[in-house]
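Enquirer: Generate a structure from the sequence data that follows.
(chains A and B)
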Amino acid sequence: MSALSTDHLLGIKDITKEDIETIFSTADNFKDVLNRPIKKVPSLRDITIVNLFFENSTRTRISFELAEKRLSADVINFSSSSSSVNKGETLIDTVNNILAMKVDMVVMRHPAPGAAKFLSQHIDSQIINAGDGTHEHPTQALLDAFTIREKLGTVKGKKVAIVGDILHSRVALSNIFCLQKLGAEVMVCGPQTLIPRHIRSLGVEVSHNLDEALAWCDVANMLRIQLERQEISYFPSLTDYQLQYGLTIPRLNKLKKEITIMHPGPINRGVEISSDIADSEHALILDQVENGVATRMAVLFLLANKK
Amino acid sequence: MAKPKQILDKSQLNLTLKRLMFEIVENVEDFDNFAIIGLQPRGVLFSRMLKSMLENEGKIKNLVYGELDITFYRDDYRRNESSLVPSKLDIDFDIEGRNILLVDDVLYTGRTIRAALDAIADFGRPKKVELMALIDRRYNRELPIEADYVGQTVDTRGTGLRVQVDLEGDTPKVTMVESKK
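Expert: Alright, predicted model coming up:
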């Protein structure tokens, strides 16, 4: 085990299998820390981190902020709605102004794909991508794979179906890269309109039938229907989507095996997943959230050591 | 430069360990309120030997034992070229109000122990913390820290040597070897 091969975390595509394993074993240690009476270590006490959120987020922002505080870093939060971005300031100017106040690391969510990479090429700071448009969401993929590893012992050889809006999903793309690097098989499942045309070139299976995907998989990762990104109609109605791709108890009961259910949140209850499943023991949704903090602590800790 | 030399061979190591074991049996009044904490990564090999000797020869029952990793508490983080690798942490008892014996293989600058004291404080407030080191490299301290129990004291000043503790395998030994540059 060694240092990470990268100075930034822009996407899972850019990191190696060894990087992912290093992050996981470090996250194991941080999970121990999080279960102690005092859930805090002094590792990053000389580091200041800014959380730049140009897009709404509850879970990811809180998770990052908590991870930073558990590592004793100083934290600044920024959201675009209350900032000078509305006055026409460019991204580079905004970030350089923040860095002039001696900030060491930037965690950024931005609606434009590639925004994190662009920033890493133009400013002198470490960047962690917390979601860039429909491109990547690396820490979500890491915590998903970490949760699978924790529940099933290993990721290698497991079959994971990613169900729903693959077209608009940065979670799907990062998950595909991450799972494949760790040796899992991946299938994407959803209506034809929400599956990118050339997705097979990534080496994933494609299905348009949820029952078929469930019968195939060990883990079903149910993605949220992104109501805010449906600028044209990709399916007739939510009811129609629910009937074809919604995960329900009768659907699970038809299977001759137990499968593990995941969801990156926020859940549209009764659309992609029914309430009774979301609250059942098969669903790891809250484990994912818990593991999110430990995984992000590991990423921040390992990247900070690179400077 | 001085030649590498052996400090403790297998039988000397065993004698030293036995002496330290008896010192603990003599000094600890209440083993129910006592705990040994070995320091990861290298101190735990020594602390495990001590633990089994206390249980087998000292006849101490229900000895409370844990292992502590101090990676996240080190003060050379980001000042060191090599990356730090955390080890397993295993403390499943309450530290609050307990008498703790920290165990490490080599006491050198004292910085590891400083970090360990910080780490322990995050688990609770012990009544007392004592320190045992198999080897004490005297005159090299960078912090005001001393051990309460010492196996062997060595002086490496001006020799360019460091202490290598090798407790694994059939022939455990402690030697002085050339420092890695």
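Enquirer: quick one: what helix or strand has the residue positioned nearest the centre of chain A in it?
Expert: For chain A, the residue sitting closest to the mean C-alpha position, by C-alpha atoms, centre = their mean, is A:Gln140 at 1.7 Å. Taking DSSP states H and E as the criterion, A:Gln140 maps to helix A:138-152.
Enquirer: Can you show me the CA trace of that helix as PDB?
Expert: Provided in PDB are the C-alpha atoms of helix A:138-152 (Å, rounded to 0.1, in the frame of the first residue of the first chain):
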ATOM      1  CA  PRO A 138     -16.200   9.700  -7.700                       C
ATOM      2  CA  THR A 139     -16.700   9.800  -4.000                       C
ATOM      3  CA  GLN A 140     -20.200   8.400  -4.400                       C
ATOM      4  CA  ALA A 141     -18.800   5.500  -6.500                       C
ATOM      5  CA  LEU A 142     -16.200   4.800  -3.800                       C
ATOM      6  CA  LEU A 143     -18.700   4.700  -1.000                       C
ATOM      7  CA  ASP A 144     -21.000   2.500  -3.000                       C
ATOM      8  CA  ALA A 145     -18.200   0.000  -3.700                       C
ATOM      9  CA  PHE A 146     -17.000   0.300  -0.100                       C
ATOM     10  CA  THR A 147     -20.500  -0.600   1.000                       C
ATOM     11  CA  ILE A 148     -20.700  -3.600  -1.300                       C
ATOM     12  CA  ARG A 149     -17.300  -4.800  -0.100                       C
ATOM     13  CA  GLU A 150     -18.400  -4.400   3.500                       C
ATOM     14  CA  LYS A 151     -21.700  -6.300   3.000                       C
ATOM     15  CA  LEU A 152     -20.600  -9.000   0.600                       C
END
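Enquirer: one step back: grab the nearest non-local neighbour of the residue nearest to the centre of chain A.
Expert: Spatial nearest neighbour of A:Gln140, chain neighbours left out: A:Val171 (5.1 Å); criterion: C-beta to C-beta, 6 or more residues apart in numbering or on different chains. Backbone N, C-alpha and C define where each C-beta goes, glycine included.
Enquirer: my read is the one you found is in a helix, agree?
Expert: Yes. Assessed with DSSP: H, G, I helix; E, B strand; the rest coil, A:Val171 lies in a helix.
Enquirer: in chain B, which spans are strands?
Expert: B:5-8, B:34-39, B:64-68, B:99-107, B:128-137, B:149-154, B:161-166, B:173-178 (DSSP state E).
Enquirer: Would you pull up the residue in the stretch 51-200 of chain A closest to chain B?
Expert: A:Leu71 (8.0 Å; C-beta to the nearest C-beta).
Enquirer: Run a quick neighbour tally on that residue.
Expert: 25 (other C-beta atoms under 10 Å in any protein chain shown).
Enquirer: Over to the one 3 residues further on?
Expert: A:Asp74 is flanked by 16 other residues according to other C-beta under 10 Å.
Enquirer: ok now do it, which residues does it touch?
Expert: Residues counted as contacts of A:Asp74 (C-beta atoms under 8 Å, 6 or more residues apart in numbering or on different chains) are A:47-49.
Enquirer: Between those, identify the one with the most neighbours.
Expert: A:Ile49 (26 neighbours).
Enquirer: Now do the contacts for it.
Expert: Contacts of A:Ile49 by C-beta under 8 Å, 6+ apart are A:68, A:73-76, A:103-107, A:300.
Enquirer: which residues does it bridge with?
Expert: A:Ile49 has the following beta-bridge partners by DSSP bridges: A:Val75, A:Met105.
Enquirer: Please report phi then psi for A:Leu71.
Expert: For A:Leu71, the backbone dihedrals (degrees, to the nearest 10) come out as phi -90, psi 10.
Enquirer: That one reaches A:Met297, doesn't it?
Expert: Yes. Applying C-beta atoms under 8 Å as the test, A:Leu71 and A:Met297 come out as touching, 5.8 Å apart.
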